[in-house]
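Student: 3D, please:
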Amino acid sequence: MEVNLQPEMESRLQELAAKTGRAPKDLVEEAMAGYLKELTEVREMLDGRYNDLESGHVKPVDGEEAFAALRSKSSNDARRGSRS
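Tutor: Numbers count the residues shown, from 1 in each chain. The predicted model follows:
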């Protein structure tokens, strides 16, 4: 497989390779392995949460209500902090 990088990114990769004494190919493979692992974990988490919603194990929260509650709590905390 061939990977095409923007000139700035390729320059940064070459610089890091020179500093670490590692081959650019190895750095790209390591970075991709980490990225794909993280992406897989996020996908599994989202799938699990979607399944929980679909099965009824958890109930959806209205976003506007949640933000309003957070704003209210934040305001109350700020007022309490200013009284000290």
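Student: which parts of the lengthiest helix in the chain are buried?
Tutor: Ranked by residue count, the top helix of the chain under DSSP state H comes out as helix 24-55. Of all the residues in helix 24-55, those buried under the rule 16 or more other CB atoms under 10 Å are residue 24. (Glycine included, C-beta is placed from N, CA and C.)
Student: could you give the mean pLDDT of the very next helix or strand once past that helix?
Tutor: Moving toward the C-terminus from helix 24-55, the next helix or strand (DSSP states H and E) is helix 63-83. The average pLDDT within helix 63-83 is 85.
Student: Now find how far off-centre the worst-scoring helix or strand of the chain on mean pLDDT is within its chain.
Tutor: Least confident helix or strand of the chain, by mean pLDDT, DSSP states H and E, is helix 63-83 with a mean of 85. Here helix 63-83 is found 26 Å from its chain centre; the criterion is CA atoms, centre = their mean, to the nearest Å.
Student: swap in stretch 35-50?
Tutor: 10 Å.
Student: what does it rub up against?
Tutor: residue 58 (CB atoms under 8 Å, 6 or more residues apart in numbering).
Student: would you put the C-alpha positions of it in PDB?
Tutor: Extracted C-alpha coordinates of stretch 35-50, given in PDB (Å, rounded to 0.1, in the frame of the first residue of the first chain):
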ATOM      1  CA  TYR A  35      -5.300   4.900  15.300                       C
ATOM      2  CA  LEU A  36      -7.100   1.700  14.100                       C
ATOM      3  CA  LYS A  37      -7.100   0.300  17.600                       C
ATOM      4  CA  GLU A  38      -8.700   3.400  19.000                       C
ATOM      5  CA  LEU A  39     -11.200   3.700  16.200                       C
ATOM      6  CA  THR A  40     -12.300   0.100  16.800                       C
ATOM      7  CA  GLU A  41     -12.700   0.700  20.500                       C
ATOM      8  CA  VAL A  42     -14.800   3.800  19.800                       C
ATOM      9  CA  ARG A  43     -16.900   2.000  17.200                       C
ATOM     10  CA  GLU A  44     -17.600  -0.900  19.700                       C
ATOM     11  CA  MET A  45     -18.500   1.600  22.400                       C
ATOM     12  CA  LEU A  46     -21.000   3.400  20.100                       C
ATOM     13  CA  ASP A  47     -22.500   0.200  18.900                       C
ATOM     14  CA  GLY A  48     -23.000  -1.000  22.500                       C
ATOM     15  CA  ARG A  49     -24.600   2.300  23.500                       C
ATOM     16  CA  TYR A  50     -26.900   2.200  20.400                       C
END
